[in-house]
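[1] Just need the structure, nothing else, for what follows:
(one chain, ligands or ions: 1)
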Amino acid sequence: LHRNPGETEFHQAVREVLESIGPVLGKHPEYAESKIIERICEPERQIIFRVPWEDDRGEVHINRGFRVEFNSALGPYKGGLRFHPSVYLGIVKFLGFEQIFKNSLTGLPIGGGKGGSDFDPKGRSQREIMRFCQSFMTELYRHIGEYTDVPAGDIGVGGREVGYLFGQYKRITNRYESGVITGKGLSYGGAQVRTEATGYGCAFFVDEMLKARGTSFDGKRVVVSGSGNVAVYTIEKIQQLGGVVVACSDSSGYVVDDAGIDLDLLKQVKEVERLRVDVYAKRRGGDASFVPGRSVWEVPCEVAMPSATQNEVTGRDAEMLVRGGCIAVGEGANMPTMPEGIRVFQEAGVAFGPGKAANAGGVATSALEMQQNASRDSWSFEFSERRLQEIMRDIHARCLATADEYGMPGNYVAGANIDGFRRVADAMLALGLI
Ligand code: NDP
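    Residues are numbered from 1 along each chain as shown. Sure, this is the predicted structure:
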């Protein structure tokens, strides 16, 4: 705590992992002897930089940019960029730390990192977004590379922003280095299913948890928080699997639509017009209504998919969900459930899929994008989706098997933390004191 003062979210993420891996350290004294824990908690490198840019009226703004290169034992640093006013070092470090174990769980050759800026894209014009991205990359470019560090999107960074970032990287370096960033558009080196991957992957993971309990999404009432990239494609796949998504949200409130969310309308409002969810309710009419300023978790459901941001499910929200009949939770977002909430779900016997397992489909598909870039190849949608589904099944199976091995059957949190940790720790041991 004294080494990283004020970094609340980072402390929370570290505590959660350390609470799980006690039994592993008991079995493997070599980890403690070579100070793996101390090393893994210390980023290999952290970069903080100034991002000056000019708005459409000619006013100058200064934002702060971050890239935390946390662990490269398994491969180049890999993790998204977040543009949101709440971003500070503690958020980037928590996300980077989680990313180490998530990337390890995918079984693919990627290390962990994360970055972003306290820039607020809300209300900014397309040209302002472009200028900001160009300024951000004008510093970031010297730290990244196909074999070094490969960023991607996250909150506030989608296909449009990745395009501007890649364009500036290409211009400064004079290299068409497709593998330097993932989440690219299909016309310039992007991969099929990357846009859908985190949401689809999370739905696949929960489908596996439900199957393990002898049930399925079919006819289940589902609530998804957020209405960004992860939320939209979580809704799409759940609908394909037979679930009925009755609510989603953004930071202004939530929409409840008992007939089931009209996904085409939601995509039009959020992805095309970039408007708020209240517009969805107004256009949808019927029984759909917008509830401003309240938590979407007050809507009763059988499956909950938190897909917006960290710490969005409190202990009270979790109690409300359990009372409302919730039997499964899949974290599309990173660390959306507060520690009290996780306890409530686990004590109530709810199947709880933590983000580092349930939302790993996004980064796994990014690694597949890197693979296609390296081989100048491009795979079909069907093939890529099949690979994603296999990866999610494998992660689910390994979480369950590891939880069993350590005497905590059904505990996906322990399974994910232990399995993710072991692979990184073994690589760090093999690579010597780095
Ligand atoms: P987007 O920017 O596309 O969407 C974020 C959504 O969450 C928006 O609806 C936004 O509402 C809402 N939201 C964000 N911050 C807050 C907040 N402080 N309070 C309430 N609502 C909020 O981001 P993504 O969908 O890409 O990311 C969502 C989550 O998934 C994040 O936790 C991210 O780290 C995680 N994730 C994303 C991956 C990806 O591939 N994109 C991969 C793995 C995890 P509003 O527009 O009002 O701000």
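
[2] For the stretch 101-250 of the chain, which segments count as helices?
    126-140, 159-173, 194-212, 229-240 (DSSP state H, counting those that start in this stretch).

[3] which residues touch the last one?
    Residues outside helix 229-240 that contact it (CB atoms under 8 Å, 6 or more residues apart in numbering) are 153, 158, 195-200, 202-204, 217, 222, 224-225, 245, 248, 260-261, 263, 266-267, 270-271, 303, 305, 307-308, 330, 332-333, 359, 362. From N, CA and C alone the C-beta is placed, and that goes for glycine too.

[4] Filter the residues you listed down to the buried ones.
    153, 158, 195-200, 202-204, 217, 222, 224-225, 245, 248, 261, 266-267, 270, 303, 305, 307-308, 330, 332-333, 359, 362 (16 or more other CB atoms under 10 Å).

[5] Same list, these, but only the ones touching the ligand.
    G153, G158, T198, S307, A308, G332, A333, N359, G362 (CB under 6 Å from any ligand atom).

[6] Adding pLDDT, write these out as JSON lines.
    Output for those, formatted as JSON lines (pLDDT from 0 to 100):
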{"residue": "G153", "pLDDT": "98"}
{"residue": "G158", "pLDDT": "97"}
{"residue": "T198", "pLDDT": "98"}
{"residue": "S307", "pLDDT": "98"}
{"residue": "A308", "pLDDT": "98"}
{"residue": "G332", "pLDDT": "98"}
{"residue": "A333", "pLDDT": "98"}
{"residue": "N359", "pLDDT": "98"}
{"residue": "G362", "pLDDT": "98"}
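
[7] Can I get those in CSV including distance to G183?
    Listed next are those as CSV, based on distance: CB to CB, whole Å:
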residue, distance to G183
G153, 4
G158, 8
T198, 10
S307, 17
A308, 19
G332, 16
A333, 17
N359, 14
G362, 9
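
[8] that older thread, with L105 as the reference, name the closest of the helices of the stretch 101-250 of the chain.
    Ranking these by proximity to L105 (CB to CB) places helix 194-212 first, at 11.0 Å.

[9] What is the closest one packed up against?
    Packing partners of helix 194-212 (3 or more CB pairs under 8 Å, 6 or more residues apart in numbering; DSSP states H and E): helix 229-240, strand 303-305, strand 328-330, strand 351-353, helix 355-358, helix 361-374, helix 381-405.

[10] So what's the gap between the first one and the chain middle?
    Relative to the chain's own centre, helix 229-240 is displaced by 14 Å; criterion: CA atoms, centre = their mean, to the nearest Å.

[11] How about the contacts made by R387?
    Contact analysis of R387 by CB under 8 Å, 6+ apart lists T365, L368, W379.

[12] same check, this time on F352
    Neighbour list for F352: A328, V329, T337, I342, F345, Q346, Y412, V413 [criterion: CB under 8 Å, 6+ apart].

[13] which one of the residues you listed sits closest to the ligand?
    Taking CB to the nearest ligand atom as the measure, the ligand lies nearest T337 of those, at 11.5 Å.

[14] so what's that closest one bridging to?
    With DSSP bridges as the criterion, T337 is bridged to V313.

[15] Make residue 1 into 682 and carry on from there
    All set: I'll call the first residue 682, so the last point we hit is now T1018.

[16] thought it was touching L1002?
    No: if you go by CB atoms under 8 Å, T1018 and L1002 don't touch, sitting 10.1 Å apart.

[17] Can you get me a residue count around P686?
    Number of residues near P686 (other CB atoms under 10 Å) recorded here: 9.

[18] which SS class is it?
    In three-state terms, and counting by DSSP: H, G, I helix; E, B strand; the rest coil, P686 is coil.

[19] Other residues contacting stretch 1043-1061?
    Against stretch 1043-1061 from outside (CB under 8 Å, 6+ apart): 759-760, 780, 783-784, 787, 789-791, 827, 831, 833, 859-860, 863-865, 870-875, 878-879, 882, 911, 1065, 1068-1069, 1072-1073.
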